Structure formats: structure tokens, C-alpha cells
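Student: Requesting a structural model of the entry that follows:
(one chain, ligands or ions: 3)
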Amino acid sequence: MSFSFCNVSLPVPLRSTFTYAIPETLRDVVQLGARVVVPFRKKSLVGVVVEFVELPHQGAKIRDIAKTVDFVPALTPKLLELGHWIAGYYLAPVGEVFRAMLPPVTELRTERQIALTESGRASADEETAAVPLLNPEHRTFLSNLRDKGGVLPFGSAAKLGLDDAAVQRLRRAGLIDIRESMVGRKAKTQRVIAWKSVATQEAPQTAFDAETNRVKAALEARGPLPLAQLLRVANISRSVIERMLRDAMLESWDERIDPAEDPFDIGYVPPAHELNAEQESALKLVRARFELGEFGVLLLHGVTGSGKTEVYTRAVQEALARGKTAIILVPEIALTLWIGRQCRAWFGARFEGVAVLHSALSEVERAREWWRVRHGEARVVVGTRSAVFAPLENLGLIIVDEEQESSYKQEETPRYHGRDVAIVRAKMENAVALLGSATPSLESYHHARSGKYELLTLAGRVESRPLASVEIVDLRDDFSKTHQTSPISSALQDGIAECLAQKTQALVLINRRGYSWSVLCRSCGASVQCENCSISMAHHKQRNRLECHYCGALKPIPKLCPKCQSQYVYFFGAGSEHLEEHLRAEFPGARIARLDRDTARTKRQYQETLGAFADGALDILVGTQMLAKGHDFQRVTLVGVVGADYSLSLPDFRAAERTFQLLTQVAGRAGRGALPGRVLIQTFYPEHYAIQDAVRQDYPAFYARETQFRRAMAYPPFTSLANVIVRHADLGKAIRWSRQLSEYFSAHDDRGLRILGPAAAPLAKLKKEHRFQFLLKSPKRSLLAKVLRGAMAYLERKEIPQTAVLVDMDPLSLM
Ligand code: ADP
Ligand code: ZN
Ligand code: ZN
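Tutor: Residues are numbered from 1 along each chain as shown. Ligands and ions are numbered 1, 2, ... in the order given. You can find the predicted model right below:
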């Protein structure tokens, strides 16, 4: 049956969908979950069809859908359902939710194709026709398609007189498939370098030196190598290769890259371990869950280095063996490299099909991966937060690695939590959710103890390796001895020197990027603040400017204090750039690299630096917390943590939890191989329990202490929270609306609900907007949701724009 109207969700900050008429010609073409182009105000927008309706609301002015974008609906019915849940639970505009779930818009670069199916092939001939009532034009088209090899561009149907509706009917009858293909783009190539065999080689004009010898050794050992990989393995610069090519010691050619094959995989052999007893019993419980065939949440609590990844890959294998698909979520782009590679090695890039989704891919790459998943060519997806929306069908398992990570929370609309959405999606699809961590969030562990989740435990490291020994460096002591303001203490300095002498590796972590994170005037005490935000700007030395890490604003470096014109401008607080420079000066012979969001933007940059460190081509890696978790570097014997306590001074009830997690994770990066590890934590608060418990890597102790505090103060997991922010560029309006909202809220205060505020938000100004904050607390989430929905209706009555009020359900940060 075909409908005349449908509701379309549009990427606009409004909490409603919009009704459009379906023109006669598109009646059979428009589908649920498919994207369409519609007129909206004076623009054209791409939206998603979320519902068919018989009749629109009376009196509404209805416009026509302009055209369809998808022939295969981008969103499956299950994803539509999930999107509606997110919009309801997080009070997010439904159109913005669907926008977050859709593939990147690269339609211009994709080509739509028609492919003949098995039963289509059979129907192409009159004699063998599976569908007898086929009209003659349809049959001509099918036999044409068969004769042309089974795949034709979409437009060829029109040329034969078939309209879109007819094509759609053939698809529904299972005679053809429609697919989005990334063809028509130049095939990607890479440069491959080989050692010239002696026979063709004239007497080399260059004398062999250490560098050329390394190149020779690498190429002789491994055969021809892609340039990027050779640079890494031989640890030399590009110019050496160029020189050797000129001197005819090497030869090079371009090789086509198979999009499904990642050059990063070349030469990689996945570990093949027998599971130990603990891993085996964890896997048994996962298997038992699958046997039950119903939804369940499992929490895998395994200390760092206990071999959780191995349990993940086997769990995925179990899902695949049952004909199901699986998603593995990781908290950092960097981690998709390792798990992605391991999965490709296990499950094959093309056969079972592994797709990787994250934001450091180019749009084209992301679209390609996305459609591979949508077409069922990939059955395993590895990715960061938004991969929870991967359009897999028949989902059996969602793994959330390091489930406690705050990067799973999206801090812009829609403000969903990837882990929580994973659980909801698993429930909707009757799948298993497997959360893993060495330091579970208080919420998840609380649920595991209360029996809501099933707890699986890996208590020891693999092969009974010891945990790293963790030592505290009290910076107050260090300063009183040395009177130096070096970012690294003498203990850490000595530790690194020892590491270099023993030819092992060191990781040095700092949780701020840039050169210095604050610019102060010694004369008047003013700091240089961003003009749009109430926060100090960070100094980036190489780029020679100040940057705001919240809104991206830039400023030249001031010579004089902007406030009092004094010349005593002073840069304060070392960031990662400063630390790298400092280490280069202190250890001139060492091979050092830095990894943070300034040095790693693309997949390739991640691969080069992390690959070089893993291959032993670097001695010291400096980085922000993207290095703290998950990585499995076998030769790291020392981890130094600089500025560990910065997070303790934030006005945030989760400060202790975050610090404990970060330090325990960091400690987990040392001593993972055969060599024992050592961790040095520099801090000004050595007696804080978050630091003390991290030193002992004692999760139960920390959990016990922290839950006491949360219970006493009525914070999660004992209370549900919502953070409501009223914001506007005009201070007067922001104040007036806060006052109005406060009137509404005060009627609900104290009835099972506590409402704090309005108060100036900790970030009182952000991106030019003034911000006031309400914090809502209730032991009953349903009550919280009800009052918030009431607040939304109240805004509408008072004509307060929806965009001026931000609701953050289950907030992670209260800034
Ligand atoms: P986690 O994620 O728990 O910190 P990983 O999954 O990274 O730990 O595993 C740590 C290391 O132990 C990896 O190098 C992995 O290959 C290895 N490993 C995993 N399982 C076993 C096992 N059963 N026997 C020996 N080594 C193992
Ligand atoms: Zn000044
Ligand atoms: Zn700013």
C-alpha cells in the first residue's frame, strides 16, 4: 500500500519532524529510513523518512518531497527505532540524532549500480522465469543486464524506459540489488621500494653508511616494502631513500592499493595464544549467554595485561559462528589500529569482512566502509563512539572496550553515551553487550555487584607477569631539593637515562597539549583569556600563536600584557610540545616522537608514529592521554606521568575517579612483555586516595571509598543527574530565561527531585555565549525525565527558543 504523506526528520535544532507530500512519481520509491531531499524554508535539506502518514495535520501547509537520495534505505528499521529512543531519552532533536547516524554525504562521489541477483538471473529467460508475471520490458532489462555482465550503472534502467518505481519493484521482488559504489575515483596507489639486485646494479656511487646499511638490511629481510613502512622499519628519513634512488641502489614503482587491504597489515602475524584458565572461563560465560539467545550485559573486569583482547576476538568468533555480526567499540582512534589489524588477520579483510569506522578517515574512506557494512560485505565493525550506529543487520554482539572512558560521551548534540546506547541497541536487537575494563566505571561495577550485569573477572596478567611497580614522585620534595622548574623530576630524568642505556622504551604522558597552557602577566596577574570563552588560551610554539582549545580561536602571541601593557608576560604550565622539546634537549641521542591531537590527525599519522614505536624505531614517545590506555607495547619498561594531578583540581565530582582510572591505565602500559615495568607518577598531592589506590592498582579499595562519597553526596550511581544549561550571546536574555526556567523548576523541587541553580556555569562563557546552569538530581530517572519533558513544553509556552537550552542527561562533565 502506498501512502501520500510522510514525516521527515531534518538536521535542524528542533524537536519535531516535518510532514511532506509524496508526489505520484515517487510513491513506490520513497522508503522508510531512506534519505530524501526536501524544501525547508528557503533551502533544500537532506532528511530521513521516519514515518508514513495517511493524512497530515489539518491546516498545515504541505510541500512535496523534491527527490530521493537512497534507493537502499540508509537506516535499517532497527536503527530508526534506536534513533527515536536516543531522541527521547537525551531530549535531543530527532533530526540531529539521525544526522549523527548517517554516512557522510559523499553522494557526488559514489555511483549507484544495479546488480542482477540469482533469482533475477533465472528470471531473465522466459523458460526459467521464477516470477512468471514479469512484464516484457522488465524481462528485456534483466536479460540485458545479464548480457552486460550482471552490473550496470543505475542510469541504464532509465535509458531502457524503466522508471525508478519499476526498478524499486524489481528490487523488492529480489531480482536485482541496488548498491552504492565508490567507483569512478582514481585507484589509490602507494610507492614500493626494493633493493636493486647486484646484477643490475652498477658500482654504488655512495659509500655504505649506517643509514644505507639499515635500508639494505630491512629490504633484504622483508623484500620490497611500501615507502612509509620502510621509513619506519629502517628508521631513516625520506631524503636518504631519495638519495639512494638517485644513486641507483634502489628501485621503486607504484602499486595499486586494494581498498580492503591496509598496508599497515603487511608482515603482521596475529598472536595465537592458548587461552589461560581465567580467559577460558570468561569465554565460557560469554558462550553461555549466546546459548541462551537473549539480551544480557557482561562486564569483563580484567587487570591491565590480562589478555582481554583475546577474549574479545574469541567472543566475536562465537557470534560469527552463529551467523551473527559484531561491533567492537574502542575509546581512541589510535586503538582502532591494533584491534582493526588483529580482526582483519582473524576474520579476513574481505571474506567475513572487517570494517573500521572513525573520524580520522577521509570522508570517502568512511563512506566506503559504511556502505560495505550496509551491504553486508563486512560483518565485524571496529570503531570509535559513533560506530555504535554501524548499519549491521542481525547483530549478535557489541563489545565496549575500556567502557569507563569519557570519550564515549558525545559532548555536543546529540549528547549520547556510546556505552549506554550500545546496551540499549543490544537490548533492541536481542544481542549480547560485553563491557571490558581494568577500571570499570562506578556505574557499571555497581550494576555488576547488584546482579544487573554479569561479572567476568581476569585477576592476573597473562603468564603470571607481575603488574608494574608504581612509585610516586612528590614534586614538593623535588622542588625543595633542586629549585628547578623543569617539567620532569630528577627521578624521571634518571629513569629515562637508564631506559636508554638498556635499550628499552619509555612512554611519557602529559595531559595537556600545546607548549604552555596558560599565559600570565607577572605584573598584574591577568591571564590571556579567549575572547569567546572564559578560559585561558594555550601557547603553541611551533605554530607561533595562542589557541583556544574550546572554540578554536587564534591570537598572536602578545609581547605586552593586553591588560596593563607590562612586558612581563610569562608562559606557565608545560604541555606536550614543551615536554618533547625538553626531552630532546636532555637526551640528544634519543629517537623521540610526540603523539597528540596536534601531531595526529589522519589515520596515516597515527600509523606512522605508533607503528614506529611498536617496531622499536623510537626510544621515547611523548603524548597525551591517547597513549594511556589499551596499547600493548612489549618493550616499554618505564612510564612517566607528568602533571597527573591536574585533573584532581577540576570542579567535578568525577575528578577522583578519572584520576584513578587514568593512572591505573597508564601503569598498565609498562612491563607488558618479558621485561618488568616501572611507573613514576609526579604529583603535588601524593596522599590523595585516588593516587594512593592507583599506586597499589587496587580497584576494589578505590571502589569502596568512592562509593561512600557518592552515596553521601547523592551522586551517580546512586542518583540520576541532568545538567541543564541556558545559553545566549545576549547576557540579558540568558539571565531572563534562566529566571523563567527557575520558576518552572522550583515547583518541582523537593518532590523526589533536587534542583540546584541557576548558577553561572564553570565555563561561564563559551563560544561567545553566556551560560547558566541547573543541576537536577533524582533517585528516580523517570521522574527526572518527566520534569525535563515538562520543561521543554514550558519553554515552548514561554517562547524561549529551544536552541537556548541544552539538556545533558547523565552528564559526564559539569563544565
Ligand atoms: P589487556 O587488554 O587486558 O590489557 P591484552 O589483550 O592487550 O591485555 O593482552 C596483553 C598481551 O598478552 C598481548 O600481547 C597478548 O598477545 C598476550 N596474551 C593474551 N592472551 C595470552 C595468553 N593466553 N597467553 C600468553 N599471552 C597472551
Ligand atoms: Zn598585566
Ligand atoms: Zn574560545
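Student: Need the phi and psi values for the residue positioned nearest the centre of the chain.
Tutor: By Cα atoms, centre = their mean, the mean C-alpha position of the chain lies nearest to residue 384, the distance being 2.8 Å. Backbone torsions of residue 384, given as degrees, to the nearest 10, read phi -90, psi -170.
Student: check contacts around it.
Tutor: 329-333, 336, 357-359, 407 (Cβ atoms under 8 Å, 6 or more residues apart in numbering). For glycine as for every other residue, the C-beta is placed from the backbone atoms N, C-alpha and C.
Student: So among those, where is pLDDT lowest?
Tutor: pLDDT is lowest at residue 359 among the contacts of residue 384; the value there is 87.
Student: Report how many residues lie close to that one.
Tutor: Look at residue 359: counted by other Cβ atoms under 10 Å, it has 13 neighbours.
Student: Phi, psi for it please.
Tutor: According to degrees, to the nearest 10, residue 359 has phi -90, psi 0.
Student: how much space between it and ligand 3?
Tutor: Going from residue 359 to ligand 3 by Cβ to the ion, to the nearest Å gives 21 Å.
Student: and if you look at residue 322?
Tutor: 50 Å.
Student: And residue 690, by the same measure?
Tutor: As judged by Cβ to the ion, residue 690 and ligand 3 stand 29 Å apart.
Student: how about the host helix or strand of that residue: buried residues?
Tutor: Assigned by DSSP states H and E, residue 690 belongs to helix 689-696. Of the residues in helix 689-696, those buried by neighbour count under the rule 16 or more other Cβ atoms under 10 Å are 689-695.
Student: How about stretch 49-68?
Tutor: 49-50, 52, 56, 65, 68.
Student: Likewise for stretch 115-125?
Tutor: In stretch 115-125, counting by 16+ other Cβ under 10 Å, buried: 116-117, 120-124.
Student: Tell me how many other residues crowd residue 400.
Tutor: 31.
Student: how close does residue 487 sit to residue 440?
Tutor: 32 Å (Cβ to Cβ, to the nearest Å).
Student: what do you get for residue 297?
Tutor: Residue 297 sits 12 Å away from residue 440, taking Cβ to Cβ as the criterion.
Student: ditto for residue 662
Tutor: The gap separating residue 662 from residue 440 is 14 Å, by Cβ to Cβ.
Student: next one: residue 342
Tutor: Per Cβ to Cβ, residue 342 is found 23 Å from residue 440.
Student: just the residues of the chain that are near ligand 2, which are they?
Tutor: Within the chain, the positions lying close to ligand 2 (Cβ under 5 Å from the ion) are 521, 523-524, 526, 561, 563-564, 566.
Student: Which of those are buried, as a PyMOL select command?
Tutor: Buried members of the residues of the chain next to ligand 2, defined by 16+ other Cβ under 10 Å, are picked up in PyMOL with:
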select buried, resi 521+523+526+561
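Student: any chance of the residues of the chain next to ligand 2 in TSV, plus pLDDT and distance to residue 705?
Tutor: Conversion of the residues of the chain next to ligand 2 to TSV gives the following (pLDDT from 0 to 100; distance: Cβ to Cβ, whole Å):
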residue	pLDDT	distance to residue 705
521	87	41
523	86	44
524	88	42
526	84	39
561	87	44
563	85	43
564	89	46
566	88	46
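Student: now the residues of the chain next to ligand 2 as CSV including distance to residue 30 and secondary structure?
Tutor: CSV is the format used below for these (distance: Cβ to Cβ, whole Å; DSSP: H, G, I helix; E, B strand; the rest coil):
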residue, distance to residue 30, secondary structure
521, 62, strand
523, 67, coil
524, 64, coil
526, 59, coil
561, 62, coil
563, 60, coil
564, 65, coil
566, 67, coil
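Student: For the nearest residue to residue 160 once chain neighbours are set aside, list the residues it contacts.
Tutor: Excluding its sequence neighbours, the residue lying closest to residue 160 (Cβ to Cβ, 6 or more residues apart in numbering) is residue 141, at 5.2 Å. Contacts for residue 141 (Cβ under 8 Å, 6+ apart) come out as 157, 160, 162, 170.
Student: got it, and residue 665?
Tutor: 304, 402, 438-439, 628-630.
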